[in-house]
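Sequence below, structure please.
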Amino acid sequence: MKNQNENIEDVDEEEQLENVFKDLRHDFKEAKDAKEEIDELINEWNDLYYAVRRNRDGDTIKDKPNRSSIKMKDVAKQIEWQKPNIMEPFTSTRHPIELIDAKNAERARVLEKWANFEFTEEFDREEFYDQATDVLQREGTLWVETSWETKTENVRTIIPNISLEEIMQNPIEPDEINQNNDGTFSVEYNEIKEILNNPDSNVCRNEHIFPDPSARKEKEMRFMASIKLLSISDLRSIDWLDSEKIDTLESRISSEDREDTTLGITRNNEAERHGYRNEYEPNDTIRKHIRIVCYHGFYDLNQDGIAEPIMAMWAEKHNVNLGVEENPFPDKSIPFDRAVYSARPFSLWGNSLAFFLGDNQRAKTGMVRGILDNMSLANNGQKFITRGALDYVNFKRLNNGERYIITNKADQIKDGSYNNIPNAVFNTMQMFSKESEDLAGVSSGTPALSNDHVSKDGRSAQLTMSQQRMAAVVRNLSNLTRKMVGRWISMAEVFLTDEQIAELFIEEEQVDMNVFAAASSAKIKVRVGTEVNRNMKLQQYNMLMQQSKALEGELPPGSMKTMVAEMYDLFDMHEEATKMRLYEPQPSEEEKMAQQLQLQKLQLDNQKIQTETQVMQKDVEAKYMNAQARMMEAQANYGYKGAQTEEKYAKAQAHKIDSAMKPVAMENEIMKTNTDAMNKSSNEK
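Down below sits the predicted model:
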């Protein structure tokens, strides 16, 4: 009964998994269908780069025979001019990443050191930005996928003679132990070591990217599907995939798995002209490339009513669901970032440079072809001779190219020439060239990102605005780099090992993984700058330093040190800039002696002040004692005088009472006398 219940649960779980992949495949199909028009636009822009003309069916249009076939390449020219100017800010500096954390500046500094080391030393930024700038300008939209790359290898070590005590002291368990005749042991160790554990970012092919078709910006994306060309060997190295599903996929690989989008097919055809062979596949099954759909998004796997971040993989053509799991990245977000050459409002896809220059290139191509056809069909190099002007002998001499020819009639031989081309044609071509330079932001006679062209005339002002347009492209890539490095930092707090931290940092900087968790909230900045801007800043700092003597009383302490550190940064000498900011000047011997003398003087002055204070304190104490004595005497006198006053007051009161009672007593005495007299008189009667 228990086994039957387990089978039922397995069936329910398998059915639930099938429903999950059914929903994910639906998302992928809708995104793929919605992207067809974008693929057509990108194809059109790439054709403008390669100066290829196609009909509605996608076939290349052949040029007319005996006519000019020249193709102007304004789009390719502007892109190749822009590439070094856009790449240079990101590849020329050794310390482009800056982290700001007011709460924990020291930990942010350690993480900033790691991020710059990864970006400038471990990460191939030259190749990355070469591809990124090319895709950004040609196709209008650049997608970058960020991941964490790991790779391990088995290190085998054999020790022929080792004692039992040494074996016991080694923390690694041996795989094989054999005892030798002399009492020692022969031991074999097999240890798995990490040879790669670093972040990575890759430029994606737009034909392999299928974002949520309902999203208008990156934050609104509920999923992102991408195509990866992986082999069976690559799939087996991914630990969370189902090995049984991989075996099923391996058994179904029988036919070629080719591109199925118009953009992918066109790109492969163009690549075949440069050594790429789309038809090539190894004979063995293990190494053959398979188109695997990688899904990153949000889905309610546990059916609790809340969509969780997930990732899934399946082989679309072979109908094999390889696996689904929770998103393993620390930030739990979709690991794709985007930059556009020219943004379209409320759209994930941008416009390319060819979108602006396409009409100009087509117009110039037509005009140049007309000029060349006009010249090729003209009678230039031909001789026009009036009949009878030459006899047979001189005509033969003319054909042989001899210099002296005798004519029968003067002015009867004329040379053919090219037809005159109106100046309006060249003026129009120059107008298109100027407009292309203004739209692209690059001029053949001026730096691309220079700020020196500030003038009052309208043309120079327009050129400066074009350069600002190109600077905006650099800012878009800077923002992409900032988000990319932010993902690196969030991954580092989980995936970076203690051994790597110990290898990268000195003892004072060696901290546990909490350094990354605490510093991950820091603000990330990407410092980029061109040579022109750097030179301008250096000139400004030089002017400030020249005026520093006159402003010595006006500047706050440490201003000169700050300016010198900033100049070190502009020279790409960031270690020296850090030393300058931390440097505290040490006094010379004379200054030390002066400081000691000043200290001794201060000590003597302090002793004098203390002595004077003690004397003053004694005087104050004596005066205080005298005052206390006088106060006690005054209190005593006050008590004696008070007693006398009270006695006098009592006597006065008594006297007052007596004075008041005397009339009464007298009246009583009189009444008594009268009464006695009356009584006596009565008795006598």
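
What is the burial count for the nearest residue to A271 once chain neighbours are set aside?
Nearest in space to A271, with sequence neighbours left out and distances taken as Cβ to Cβ, 6 or more residues apart in numbering, is N278 at 7.7 Å. For glycine as for every other residue, the C-beta is placed from the backbone atoms N, C-alpha and C. One way to gauge burial is a neighbour count; for N278, by other Cβ atoms under 10 Å, it gives 15.

wait, is N278 part of a strand?
No - counting by DSSP: H, G, I helix; E, B strand; the rest coil, N278 is not part of a strand but coil.

Tell me the spacing between it and E272.
6 Å (Cβ to Cβ, to the nearest Å).

same deal with E244?
The spacing between E244 and E272, counted by Cβ to Cβ, is 37 Å.

And these two? Which one has more around it.
The residue with more neighbours, out of E244 and E272 and counting by other Cβ under 10 Å, is E272; that gives 12 against 8.

Just to be sure, R338 is in a helix?
No - looking at R338 with three-state DSSP, it is strand, so not inside a helix.

pretty sure S226 contacts N202?
No - taking Cβ atoms under 8 Å as the contact criterion, S226 and N202 are not neighbours in contact, 10.5 Å apart.

right, and W114 touches L504 too?
Yes - applying Cβ under 8 Å as the test, W114 and L504 come out as touching, 6.1 Å apart.

Around E194, how many other residues sit close by?
12.

quick one, domains of this protein?
With automatic domain parsing as the criterion, the domains of the chain are listed as 358-456, 595-685.

one step back: what about S226 and N202, which has more around it?
More neighbours surround S226 than the other of S226 and N202, with 20 against 13 (other Cβ under 10 Å).

Next, the nearest residue to the more buried one once chain neighbours are set aside: phi, psi?
The shortest distance from S226 to any residue that is not its chain neighbour, by Cβ to Cβ, 6+ apart, is 5.0 Å, and that residue is C294. Backbone geometry at C294, expressed as degrees, to the nearest 10, gives phi -110, psi 120.

and if you look at the one 5 residues further on?
Recorded main-chain torsions at Y299 are phi -150, psi 150, according to degrees, to the nearest 10.

which strand in the protein runs the most residues?
Among the elements of type strand in the chain, defined by DSSP state E, the one spanning the most residues is strand 141-162.

Going toward the C-terminus from that one, what's the next helix or strand?
helix 164-169 (DSSP states H and E).

Now do that following helix: distance to the chain's middle.
Distance of helix 164-169 from the chain centroid (Cα atoms, centre = their mean, to the nearest Å) equals 50 Å.

got a list of contacts for it?
For helix 164-169, contacts defined as Cβ atoms under 8 Å, 6 or more residues apart in numbering pick out 174, 177, 185, 187.

most neighbours, which of those?
Per-residue neighbour counts (other Cβ under 10 Å) across those peak at V187, which has 20 neighbours.

pLDDT of the helix or strand containing V110, averaged?
Assessed by DSSP H and E, V110 sits inside helix 105-117. The average pLDDT for helix 105-117 rounds to 81.

Now the element after the worst-scoring helix or strand of the chain on mean pLDDT, going C-ward?
Of all the helices and strands that make up the chain, helix 514-519 has the lowest average by mean pLDDT, DSSP states H and E, namely a mean of 50. Tracing the chain past helix 514-519, the next element assigned as helix or strand by DSSP H and E is strand 523-526.

Next one: L372 from I227, what distance?
Applying Cβ to Cβ, one obtains 43 Å for the distance of L372 from I227.

again with Q137
Applying Cβ to Cβ, the value for Q137 to I227 is 23 Å.

still on that earlier bit, now do the same contact list for the residue nearest to A271.
Taking Cβ under 8 Å, 6+ apart as the test, what N278 contacts is 258-259, 268-269, 271-272.

Return the member of the residues you listed nearest to P65.
Out of the contacts of N278, the one with the shortest distance to P65 is N269. That distance is 24.3 Å, counting by Cβ to Cβ.

and that closest one, what element?
Applying DSSP H and E, one finds N269 within helix 262-271.

Return that helix as PDB; C-alpha atoms alone will do.
What follows is helix 262-271 as a C-alpha-only set of coordinates in PDB (Å, rounded to 0.1, in the frame of the first residue of the first chain):
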ATOM      1  CA  THR A 262      15.300  35.400 -39.400                       C
ATOM      2  CA  LEU A 263      17.900  37.400 -37.400                       C
ATOM      3  CA  GLY A 264      19.800  34.200 -36.400                       C
ATOM      4  CA  ILE A 265      19.800  32.800 -40.000                       C
ATOM      5  CA  THR A 266      20.900  36.100 -41.500                       C
ATOM      6  CA  ARG A 267      23.700  36.500 -38.900                       C
ATOM      7  CA  ASN A 268      25.000  33.000 -39.600                       C
ATOM      8  CA  ASN A 269      25.000  33.600 -43.300                       C
ATOM      9  CA  GLU A 270      27.000  36.800 -42.800                       C
ATOM     10  CA  ALA A 271      29.400  35.000 -40.500                       C
END
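
Could you measure from the residue nearest to A271 over to D134?
Distance of N278 to D134, given as Cβ to Cβ: 21 Å.

Which strand residues bridge K228?
According to DSSP bridges, the partner residues bridging K228 are I292.

let me fix that: W314
The residues listed as beta-bridge partners of W314 by DSSP bridges are V293, N321.

For V340, list the residues it contacts.
Going by Cβ under 8 Å, 6+ apart, V340 touches 136, 140-142, 349-351, 476.

Relative to G140, how far out is it?
Counting by Cβ to Cβ, the gap from V340 to G140 is 6 Å.

Name the helix or strand for R387, please.
When secondary structure is defined using DSSP H and E, no element contains R387, which sits outside every helix and strand.

for N606, same thing?
helix 589-684.

Highest neighbour count among the contacts of V340?
Of the contacts of V340, with other Cβ under 10 Å as the count, L136 tops at 27 neighbours.

where exactly do the strands run in the protein?
Ranges of strands within the chain are 97-100, 141-162, 176-179, 185-203, 209-211, 223-230, 290-299, 308-315, 320-326, 336-340, 383-385, 413-415, 523-526, based on DSSP E.

Give me the helices and strands touching the first one, please.
Spelled out, that is strand 97-100. Judged by 3 or more Cβ pairs under 8 Å, 6 or more residues apart in numbering; DSSP states H and E, the packing partners of strand 97-100 are helix 105-117, strand 523-526.

Thanks a lot, see you next time.
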